[in-house]
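In: My questions concern the predicted model and sequence given below.
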Amino acid sequence: MKTKNMTTLHARKSIGRLPWAVGVCLTLATLGLGFSANAQARTPTFTTFDAPGAGTGPGQGTFPNAINPVGAIGGDYLDASNLNHSFLRAPDGTFITYDPPGKIGSVANSINPAGAIAGPCRDASEVHHGYLRAPDGTFTIFDAPGAGTGPGQGTFALNINPAGEISGYSQDASNVFHGFVRTPDGAITTFDAPGAGTGPFQGTATTSVDGMNPAGATVGQYLDASNVFHGFVRAPNGTITTFDAPGAGTGAFQGTVVNGINPAGVMEGNYIDASNVNHGYLRAPNGAITTFDVPGAGTGPGQGTNPFNINPAGAITGPYVDASNVGHGFLRDKNGVITTFDAPGAGTGPFQGTVPFCNNPPAGITGYYIDASNVGHGFLVVGE
């Protein structure tokens with residue numbers, strides 16, 4: 001299970017391309033999601049949903065990416081023609097679907113507390129551009145300096161913090177990746193992590209959804225000249241620190257991937273070992289790394305534990321893949337206690353199952369599940 005494909009419109013942390021239910025709510029009194037230390041006293045509820053226009057064929061459907069503190073959810077859906085479009089789901093369950101003006105596809109990758117959304121969009125020439133959708137629905141389209149103008153190239157906006165700073169990466173004319181940070185006034189700074197490769201599909205990429213914290217620290221990974229992943233954190237002053245998780249493999253497409261950073265500077269992600277198995281880790285602000293595996297995670301290639309998001313309280317969510325290649329959700333609280341769960345309707349076949357994507361108290365966890373027909377559906381789970 002790879003965290004993100006740097007060449008796709010989604011830049012999605014995902015177990016695959018995974019819609020159904022119209023506001024169906026289930027009470028799961030025995031689930032024990034562990035939203036807090038006394039979670040046993042809570043009654044988590046699942047709401048499943050589909051964006052209007054979402055396709056119902058294999059690989060199509062609804063894919064939430066981010067949730068803000070008031071419960072607004074941003075994501076994308078894949079329609080019956082296999083085109084991506086963005087959606088915003090309000091806390092009351094109503095939907096707005098959109099693409100920026102003049103664009104044929106888009107993804108809502110990150111939403112800040114005010115409701116501003118950042119993501120990539122695609123034009124008719126298959127070139128990607130960054131976009132900012134303001135809370136009033138107005139759009140700003142932008143390109144990082146040096147971004148390529150060929151099909152599949154361009155600018156991929158992946159994060160927006162409370163101040164309106166945006167981070168992401170660009171793909172240049174030689175198909176090399178470079179990170180960028182855009183300030184609220186529109187100034188864009190590009191950067192490369194030390195040691196990043198300069199060959200096609202190598203380079204530096206920020207992570208998505210929660211890859212930039214309120215202070216402006218940005219995280220991600222770079223692919224070196226040997227195609228090994230390494231983690232990095234870029235401080236607000238531009239200083240870049242690189243690191244590797246203990247046990248990370250050193251073969252091609254193995255190594256360390258960063259999936260998020262919270263306001264305290266705590267980071268999480270996964271590392272891929274020498275057997276191509278995924279394991280979770282937590283990196284403290286002082287650089288100390290704690291590794292972990294979810295009970296039940298598989299130990300074969302592509303299986304294992306994949307932390308996707310860390311909230312301000314230090315709780316981590318994501319999917320794990322079992323020995324049958326089925327995805328399941330987990331929540332690891334700040335004390336290290338892990339609870340696992342499955343969305344109602346999730347399939348139980350290979351590459352099906354539950355994919356938690358983002359957690360943000362008090363709004364809960366959002367993500368998607370892949371049903372038995374390989375169609376994706378959104379879900380929101382909250383504790384009461």
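Out: Noted; the coordinates are in hand.
In: What segments of the stretch 251-384 of the chain are strands?
Out: Listed in chain order, the strands of the stretch 251-384 of the chain (DSSP state E, counting those that start in this stretch) span residues 255-261, 267-272, 278-283, 289-292, 304-305, 309-310, 316-321, 327-332, 338-341, 353-360, 364-370, 376-382.
In: Out of these, which is closest to residue 151?
Out: Minimum separation from residue 151 across the strands of the stretch 251-384 of the chain (CB to CB) falls at strand 376-382, 25.2 Å. Using the backbone N, CA and C atoms, a C-beta is placed for each residue, glycine as well.
In: Please save the CA atoms from the closest one in PDB.
Out: Extracted as PDB, the C-alpha positions of strand 376-382 are listed here (Å, rounded to 0.1, in the frame of the first residue of the first chain):
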ATOM      1  CA  GLY A 376     -16.100   4.100  -3.300                       C
ATOM      2  CA  HIS A 377     -18.400   5.700  -0.800                       C
ATOM      3  CA  GLY A 378     -17.700   8.500   1.700                       C
ATOM      4  CA  PHE A 379     -18.100   8.100   5.500                       C
ATOM      5  CA  LEU A 380     -18.000  10.200   8.600                       C
ATOM      6  CA  VAL A 381     -17.700   8.700  12.000                       C
ATOM      7  CA  VAL A 382     -18.100  10.800  15.200                       C
END
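In: Just name whatever secondary elements it is in contact with.
Out: Where contact means 3 or more CB pairs under 8 Å, 6 or more residues apart in numbering; DSSP states H and E, strand 376-382 is packed against strand 45-49, strand 61-67, strand 73-78, strand 364-370.
In: Partner strands of the first one, with direction?
Out: When you say that, I think you mean strand 45-49. strand 24-27 (antiparallel), strand 376-382 (antiparallel) (DSSP bridges).
In: Next, report how far it is displaced from the centre of its chain.
Out: In terms of CA atoms, centre = their mean, to the nearest Å, the centre of strand 45-49 is found 19 Å from the chain centre.
In: State the number of residues packed around residue 242.
Out: The number of residues packed near residue 242 is 16, by other CB atoms under 10 Å.
In: With the one 10 residues further on instead?
Out: Counted by other CB under 10 Å, the residues lying close to residue 252 total 11.
In: List the contacts of it.
Out: Residue 252 makes contacts with 226-228, as judged by CB atoms under 8 Å, 6 or more residues apart in numbering.
In: which one of those residues has the most neighbours?
Out: Neighbour max across the contacts of residue 252 (other CB under 10 Å) = residue 228, 23 neighbours.
In: for that one, what are its contacts?
Out: If a contact means CB under 8 Å, 6+ apart, then residue 228 has 249-255 as its contacts.
In: can you check residue 135 too?
Out: 114-116.
In: if we can go back for a sec, with the contacts of residue 252 in mind, which one is nearest to residue 157?
Out: Checking the contacts of residue 252 against residue 157 with CB to CB, the nearest one is residue 227 at 25.2 Å.
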